[in-house]
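no FASTA, just this:
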Ligand SMILES: NC(=O)C1=CN([C@@H]2O[C@H](COP(=O)(O)OP(=O)(O)OC[C@H]3O[C@@H](n4cnc5c(N)ncnc54)[C@H](OP(=O)(O)O)[C@@H]3O)[C@@H](O)[C@H]2O)C=CC1
Ligand SMILES: CC(=O)C(=O)O
Ligand SMILES: [Mg+2]
């Protein structure tokens, strides 16, 4: 990042007021009468109603359109465990994206918890305030138990975005990229660099989409996850292969797909050069990918290259999922976000990428041509069709799969924001 860009990023966060969010009122609060309705004595009436019937909280409070973005700061982007306070800009950023793209009110909550159990207890204790819980940037393996426990304990959808949001967008982009490269998911050899939250969920969902487990080689910071390893936890153990490969150098030879969800600059030009013809490289580590697009394109001209960033073509980033999957889930008051809802989101994302791109979207990206192909495998986050299409697909899947507590919304399809 240039010095000018770094300063612009800091200024963006500092000005015109520190941070990226504020709270606004939705009801009048000017007169004595307003105050006696908003606060004492009027506020006692909805209190009594909610005490009698908790469902009325969705009628008398903002709960139904409020998602908490919650982190312990243990895996902030690809920057590592920098603690809860340092994660706040990212969590505010996720809240910004919820509001901007799906009209969902969101608050960021950074939890300084000395143990996963205390984190779980803290989130479970406050979950009643929200329509949904978006867990963010919590490292593996703790994130798996944390999410499972919270799904069990909370009455509202709990979704670890780095696992499932990332996996949904990755699979949608991968299926489209494979089509362009003329390859079938059943046939391709996949190398996944990283064995944490994002990697595990992406590989699971790739399997659900048709990939074959024996064709996936996963690596952590110590190399290939193989059956001889005695230093791996049970989550990694699920991916252990009976193989002589030990390093990325070994694994990448002849691979069709590189999925990077690990850290910066870990795939070299030589390694990329050894991949099969027409390879697919998703270098998704943020802010710096496993290989820079410049180097990748200099190295070979037959690849499809994607990163997690907004400033290159093919952004594979969970922003394409979490605002819209929560919109659909909230609007049918889903009790959970299940596999059917994830698959519906994948299909909706894939489909939009095939449609002509609205001029307004192109203008926001410097007026460049955008059409389905190697440089455009997924819609841009600003595409106004994401909200109506993905939310509708998710809501319908929730209804059909029994996760919804309300019928398919009469006010759907939603108007673009
Ligand atoms: N584009 C997107 O939408 C998203 C991108 N990401 C990116 O994915 C990365 C991982 O995030 P997440 O899964 O949440 O974090 P986790 O902490 O859960 O996992 C990180 C994984 O990366 C591995 N790793 C670290 N360094 C290396 C290395 N040198 N070689 C191989 N593997 C390495 C770790 O290995 P070990 O297990 O040995 O410690 C671990 O398995 C981040 O860079 C993040 O920005 C994440 C979510 C969404
Ligand atoms: C995009 C995102 O959630 C991450 O890099 O962690
Ligand atoms: Mg994240």
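Sure, I can see it. Just so it is clear, the structure is predicted and the values come from calculations on it, not from any experiment. Ligands and ions are numbered 1, 2, ... in the order given.

use CA for all of it now, contacts and neighbours both
Will do.

List the contacts of the nearest residue to residue 316 once chain neighbours are set aside.
Excluding its sequence neighbours, the residue lying closest to residue 316 (C-alpha to C-alpha, 6 or more residues apart in numbering) is residue 308, at 4.9 Å. Each residue near residue 308 by C-alpha atoms under 8 Å, 6 or more residues apart in numbering is listed here: 283, 284, 285, 286, 287, 289, 315, 316, 317.

could the residues you listed go into JSON lines alongside neighbour count, distance to residue 82 and pLDDT?
Shown next, in JSON lines, are those (neighbours: other C-alpha atoms under 10 Å; distance: C-alpha to C-alpha, whole Å; pLDDT from 0 to 100):
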{"residue": "283", "neighbour count": "30", "distance to residue 82": "22", "pLDDT": "98"}
{"residue": "284", "neighbour count": "28", "distance to residue 82": "20", "pLDDT": "98"}
{"residue": "285", "neighbour count": "27", "distance to residue 82": "16", "pLDDT": "98"}
{"residue": "286", "neighbour count": "19", "distance to residue 82": "14", "pLDDT": "97"}
{"residue": "287", "neighbour count": "16", "distance to residue 82": "15", "pLDDT": "97"}
{"residue": "289", "neighbour count": "24", "distance to residue 82": "19", "pLDDT": "98"}
{"residue": "315", "neighbour count": "28", "distance to residue 82": "25", "pLDDT": "98"}
{"residue": "316", "neighbour count": "30", "distance to residue 82": "24", "pLDDT": "98"}
{"residue": "317", "neighbour count": "25", "distance to residue 82": "21", "pLDDT": "98"}
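
now, which of those sits nearest residue 371?
Checking those against residue 371 with C-alpha to C-alpha, the nearest one is residue 315 at 14.3 Å.

Ramachandran angles for the closest residue to ligand 2 within the stretch 201-350 of the chain?
Proximity of the stretch 201-350 of the chain to ligand 2 (C-alpha to the nearest ligand atom) peaks at residue 286, 4.7 Å away. Residue 286 adopts backbone torsions of phi -110, psi 150, taken as degrees, to the nearest 10.

In contact with residue 58, which residues?
Residues near residue 58 by C-alpha under 8 Å, 6+ apart: residue 64.

Quick check: it is in a helix.
Yes - assessed by DSSP: H, G, I helix; E, B strand; the rest coil, residue 58 belongs to a helix.

hang on, the earlier thing: phi, psi of the residue nearest to residue 316?
phi -90, psi 0.

how about stretch 285-293 against ligand 1, any contact?
Yes - residues of stretch 285-293 contacting ligand 1 under C-alpha under 6 Å from any ligand atom: 285, 286.

Compute the first-to-last residue distance for that stretch.
Stretch 285-293 has an end-to-end distance of 12 Å (C-alpha to C-alpha, to the nearest Å).

hang on, the earlier thing: residue 311 is in contact with the residue of the stretch 201-350 of the chain closest to ligand 2, correct?
No - judged on C-alpha atoms under 8 Å, residue 286 makes no contact with residue 311 at a distance of 11.9 Å.

Now do the contacts for residue 79.
Contacts of residue 79 were listed using C-alpha under 8 Å, 6+ apart, and they are 263, 286.

got a pLDDT number for it?
The per-residue pLDDT reported for residue 79 equals 97.

change the start of the numbering to 21 and stick with it
Noted, 21 is the first residue going forward, which turns the last one into residue 99.

gap between it and residue 93?
Per C-alpha to C-alpha, residue 99 is found 10 Å from residue 93.

what do you get for residue 34?
Applying C-alpha to C-alpha, the value for residue 34 to residue 93 is 21 Å.

before we move on, what about residue 136?
Shown here: residue 136 relative to residue 93, a distance of 12 Å by C-alpha to C-alpha.

Same drill for the two, tell me which one is more crowded.
Neighbour count, other C-alpha atoms under 10 Å: between residue 136 and residue 93, residue 93 has more, with 26 against 15.

Surely that one touches residue 110?
No - the criterion here is C-alpha under 8 Å, and residue 93 misses it with residue 110 at 9.5 Å.

The strand or helix carrying residue 189: which residues count as buried?
Per DSSP states H and E: residue 189 is located in helix 181-201. For helix 181-201, burial by neighbour count (16 or more other C-alpha atoms under 10 Å) applies to 181-198, 201.

Also stretch 306-324?
Quick answer for stretch 306-324 (16+ other C-alpha under 10 Å): 306, 307, 308, 309, 310, 311, 312, 313, 316, 319, 323, 324.
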